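**Student:** sequence first, then the predicted structure:
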Amino acid sequence: MGVLVILIAISILVAGGFLAAFIWSVKKGQYDDDYTPSVRMLFDDNPSNNNNSNSKIS
Amino acid sequence: MEAIVANTKKPMPVQGIVQCYHCGETCDNSLSDDNHFFCCEGCKFVYGLLKENGLCNYYELSQTPGIKIKGKFATEKFAYLDHADVQQKLIRFTDGTQSHVSFYLPQMHCASCIWLLENLHTIQPGILFSKTNFGRKEIFIAFNPEATSLRKVVELLAFVGYEPYISFNDSEAKKPRKVSRKQIFKIGVAGFCFSNIMMLSFPEYFSSGNITESYLKHIFSYLNLFLALPVFFYCASEFFISAWKGLQQKWLNIDAPIALSILITFSRSVYEVLSGTGAGYFDSMAGIVLFMLAGRWFQNKTYDSFSFDRDYKSYFPLGVTVIKDGKESPVPISALQSDDHIIVRHNEMIPADAVLIKGEGNIDYSFVSGENTPVVKNKGELIYAGARQLSGSIELQVVKTVSQSYITQLWNNNEVFGPQKNKDKSFIHPWSRYFTVVLFSIAASAGIYWWFVNPANILPAVSAALIVACPCSLLLSATFTFGNMLRIFGKNQFYLKNSSIIEALSRINTIVFDKTGTLTHTAKATIEFNGQPLTQAEKSIIYSAVKESAHPLSRMLKKAFLQEETIENLYVENFRELAGKGIEATISNSHIRIGSQTFVTGEQLKAPANGTQVWIAINGQTRGCFQISNSYRQGVKEMARKLNEGKFDLHVLSGDNAAEKENLQQIFGTTAPLQFNQSPQSKLEYIKLLKDQDPASRVLMLGDGLNDAGALRQSDVGVAVSENTSQFTPACDAIMDSTQAGKLHAFLAYARSGKFIVTASFILSILYNIVGLSFAVQALLSPLVAAILMPLSSISIVTFVTIATSVSARKKGL
């Protein structure tokens, strides 16, 4: 049954890793703004270029 | 006398009504560029600038995203930003090559805004990068102070239509974000500990407490104890602090029994683990802490883009131009002394009570008194702070410093009444007190019983009773009910400052309305023509003349004429605009005068019965007048009827004259008290009087401007009605979009139903408590029963209140 002790240690370490990741992401401000990034992401491919290329195809 | 001569333009017939490509305002097609039409030179110029910099994506992301440029801003307007003191207050960080600054941009409203604002660096290379936060309507800008300056950055923002809102108030007290992050950390830690304690408790539960390997049993329980430490000392700390603060004021709040329950659960569990007598109730404890923290977080939803506590300072400019020894220099208004000479330009606000010494004042007091029509002021007359100069620049001598000016005094006076606001304590607290008393008597009787029957069971029974009968379900039902209601109100564009306002709303029995801007539209008006009917040609003449003027009445007329199809845009000559009087021009060989009765007809017969009149004379012949009266908002009548049925006391206060009396009586009934010619001070005193006359009355005030600010603060619930929720609103408890004003009765009814829902879920939670207590007093409460009962009661209560609030909202039509 000694393996149980090892498994429990590992499971708590993994969970602790997730907790650390969560705290890090909050500290980084990832939860401060939940709207703008979703819009900003769409700007990366230039909409006007897209429109032009679409019109060329059609 | 100041006269503006219009640019001479070639005549061009209007073929149709178009929308401005930049701002979407309806206009004629006289201004165009690249086959796009514009309503004014300002919009066209911004389009030109964006096109030059390859930023035309702006127009493709959303339809007509631009913001109409309201008059050209004076170049000196932002001169105060060159002042080192001001810069130090606004710039958050600088190292000589990079400066960081944040602004609040209330105009931000769509994806195009985000795109343009994050591409500012292409227009002004000195800007390193800019990042927006749409929810908070904020922009963060990093710029190189050697290549550009704070002033230039702000001027660029203002030029493209996003004039930042700058206030020392905000810059001095900023950092609300940290607190809410702490709350998230606590929830995260509690969640982590709860799930791990739960997992480690399963072997104990499934083996009914008989784990054969005793070393494993030890490992599990000590790990649980270890994981419970952060929950007890970190996550639950706010309950202990709040309970302690309450006790210090001899007040038993809802956190007191919760703190007691957590404390007893923790100490009994620690004792069981250390003495090896059991596994403890750590999972139940971590669970309730997690649920309660989540409930608090859910309830504390805030509307970041709104500010509920702006005072007069937020409305005033930050800087003003002072003339000293013939030299102009920008000075922060806090440094303004009496006897200073200041210059106030077109469309700027007068920051302190001052006497006019040069120029002609055309003063808009709407900010102070709610009166819409501008007043003409001559040399030597006193102008109060808060007034706006409408035409040309004027020079004034300051009489009183900013903090002693009339409107500021009103505000400061009000601080005296301030603390009385919402003195009612929440109805939850008495409940929790009864709960605590009953709980203690049950625990005591159980203890006395076991003392006679089996003394060994005293401690287990008493402590178990205190553990299981946690009032957390009381707290949960309140937090989740109010949290969900806050969101439902928000969906209906009624934004509450916090959840305690819901309870205050449910107590309201008296409602006071401000007329202008609250019951009536500020921009929309009904226009009627009285006099000889006008021909189409004459209508075109009037349209072409008013188009040249920026006066609010001219713009209303222009908009009305655009509704007609056959209007032509004619060539305008000799255009003159006389401040406070009217306009005159020669169009198609006809001389036209438009304006006040004295200006047009040369005589003042009598004051208009209601609303405002614009008189027309063509070739010296008076043709009649346009009657412009405020139109009431949609649904106002229906709302008043429903509120009357609901036995609310309705009152109407108006800064205007009694012209609208008949209309108001039709809406509110003949018995409703109507007060006219009310100053901001008398509005405030009226509310105070209402509250003094009947101590049981709870007053809701609906107002829109700073002129209502005193009354909004004096009332129990002050609701600011705003035509555009991105505009500034005075200090208040709630902000309502003006289109929703007709739903007031539904909002109030919904707030009342909230109390029933909380009471119903209290009863539900008491049923759970009875079940739990019946186990506890028999000394039969095993950790397994507690571990099932506690999450089950919490989850079912949360589900119940969420469903109940949504169903009730649908019933009320929200």
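**Tutor:** That came in fine, so what should we check first? Numbering: from 1, shown residues only, chains lettered A, B, ... in the order given.

**Student:** pLDDT of the lengthiest helix in chain A, averaged?
**Tutor:** Among the segments of chain A that qualify as a helix by DSSP state H, the longest is helix A:2-27. Average pLDDT, helix A:2-27: 91.

**Student:** again with stretch B:463-476
**Tutor:** The average pLDDT for stretch B:463-476 rounds to 80.

**Student:** for it, C-alpha coordinates in PDB please.
**Tutor:** Output of stretch B:463-476 as PDB, limited to C-alpha atoms (Å, rounded to 0.1, in the frame of the first residue of the first chain):
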ATOM      1  CA  SER B 463     -20.600  21.100  19.000                       C
ATOM      2  CA  ALA B 464     -22.300  19.100  16.200                       C
ATOM      3  CA  ALA B 465     -25.400  21.300  16.600                       C
ATOM      4  CA  LEU B 466     -23.300  24.400  16.200                       C
ATOM      5  CA  ILE B 467     -21.500  22.900  13.200                       C
ATOM      6  CA  VAL B 468     -24.500  21.700  11.200                       C
ATOM      7  CA  ALA B 469     -26.800  24.600  11.900                       C
ATOM      8  CA  CYS B 470     -24.500  27.000  10.100                       C
ATOM      9  CA  PRO B 471     -26.400  30.100   9.000                       C
ATOM     10  CA  CYS B 472     -24.400  30.000   5.800                       C
ATOM     11  CA  SER B 473     -27.500  29.100   3.900                       C
ATOM     12  CA  LEU B 474     -29.100  32.300   5.100                       C
ATOM     13  CA  LEU B 475     -26.100  34.200   3.700                       C
ATOM     14  CA  LEU B 476     -26.100  32.200   0.500                       C
END
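
**Student:** my read: residue B:48 touches residue B:33, true?
**Tutor:** Yes: assessed by C-beta atoms under 8 Å, residue B:48 is found in contact with residue B:33 at 6.9 Å. Glycine gets a C-beta too; all of them are placed from N, C-alpha and C.

**Student:** and chain A, which residues reach chain B?
**Tutor:** A:1, A:4-5, A:8, A:11-12, A:15-16, A:18-19, A:22-23, A:26-27, A:31-36, A:39-40, A:42-43, A:46-48, A:51 (C-beta under 8 Å from any C-beta of the partner chain).

**Student:** now, of those, which are buried?
**Tutor:** Neighbour counting by 16 or more other C-beta atoms under 10 Å in any protein chain shown classes A:8, A:12, A:15, A:19, A:22-23, A:26, A:33, A:36, A:39-40 among those as buried.

**Student:** hmm, residue B:140 is touching residue B:105, no?
**Tutor:** No: between residue B:140 and residue B:105 there is no contact under C-beta under 8 Å: 11.0 Å.

**Student:** so between the two, which is more surrounded?
**Tutor:** residue B:105 (21 against 14; other C-beta atoms under 10 Å in any protein chain shown).

**Student:** find the nearest non-adjacent residue to that one, please.
**Tutor:** Distances taken as C-beta to C-beta, 6 or more residues apart in numbering or on different chains place residue B:162 nearest to residue B:105, at 4.6 Å, with adjacent residues excluded.

**Student:** tell me the spacing between that neighbour and residue B:218.
**Tutor:** Distance of residue B:162 to residue B:218, computed by C-beta to C-beta, to the nearest Å: 64 Å.

**Student:** more neighbours, those two?
**Tutor:** A count of neighbours by other C-beta under 10 Å puts residue B:162 above the other of residue B:162 and residue B:218, at 23 against 13.

**Student:** distance of that one from residue B:110?
**Tutor:** For residue B:162, the distance to residue B:110 - C-beta to C-beta - is 12 Å.

**Student:** now the common contact residues for those two.
**Tutor:** Residues touching both residue B:162 and residue B:110 by C-beta atoms under 8 Å, 6 or more residues apart in numbering or on different chains: none at all.

**Student:** can you give me the buried ones in the helix or strand hosting residue B:573?
**Tutor:** Under the criterion of DSSP states H and E, residue B:573 resides in strand B:572-578. Residues of strand B:572-578 classed as buried by neighbour count (16+ other C-beta under 10 Å): B:572, B:575-578.

**Student:** out of these, who's nearest chain A?
**Tutor:** Proximity of the buried residues of strand B:572-578 to chain A (C-beta to the nearest C-beta) peaks at residue B:572, which lies at 38.1 Å.

**Student:** please name the bridge partners of the closest one.
**Tutor:** Counting by DSSP bridges, residue B:572 is bridged to residue B:587.

**Student:** the helices in the stretch 651-800 of chain B, which residues?
**Tutor:** With DSSP state H, counting those that start in this stretch as the criterion, the stretch 651-800 of chain B has helices at B:661-668, B:680-693, B:709-714, B:744-777, B:783-811.

**Student:** one more: the stretch 251-400 of chain B?
**Tutor:** Using DSSP H, counting those that start in this stretch, the helices of the stretch 251-400 of chain B run over B:255-275, B:282-299, B:312-315, B:366-369.

**Student:** so which of those comes closest to residue B:152?
**Tutor:** Taking C-beta to C-beta, helix B:312-315 is the member of the helices of the stretch 251-400 of chain B nearest to residue B:152, at 24.2 Å.

**Student:** for the closest one, what does the pLDDT average out to?
**Tutor:** So the average pLDDT for helix B:312-315 ends up being 64.

**Student:** those residues of the stretch 1-150 of chain B touching chain A, which are they?
**Tutor:** So far as C-beta under 8 Å from any C-beta goes, the stretch 1-150 of chain B lies against chain A at B:56-57, B:60-61, B:111, B:114-115, B:118, B:132-136.

**Student:** try 7 Å
**Tutor:** Within the stretch 1-150 of chain B, the positions adjacent to chain A are B:56-57, B:60-61, B:111, B:114-115, B:118, B:132-135 by C-beta under 7 Å from any C-beta of the partner chain.

**Student:** who's in contact with residue B:757?
**Tutor:** B:481, B:801, B:804-805, B:808 (C-beta atoms under 7 Å, 6 or more residues apart in numbering or on different chains).

**Student:** any idea which helix or strand of chain B has the worst average confidence?
**Tutor:** Across the helices and strands of chain B, mean confidence by mean pLDDT, DSSP states H and E is lowest for helix B:168-172: a mean of 51.

**Student:** just after that one, pick out the following helix or strand.
**Tutor:** Note on helix B:168-172: by DSSP H and E, the next helix or strand toward the C-terminus is helix B:177-206.

**Student:** next, count neighbours for residue B:375.
**Tutor:** Quick note: residue B:375 (other C-beta under 10 Å) scores 16 neighbours.

**Student:** okay, it: pLDDT?
**Tutor:** At residue B:375, the model reports a pLDDT of 74.

**Student:** what does residue B:605 give?
**Tutor:** Residue B:605 is given a pLDDT of 61.

**Student:** and the one helix or strand residue B:513 maps to with helix B:744-777, angle?
**Tutor:** Taking DSSP H and E as the definition, residue B:513 sits inside strand B:510-514. Angle, strand B:510-514 to helix B:744-777, by axes from the mean of the first three to the mean of the last three C-alpha atoms, to 10 degrees: 140 degrees.
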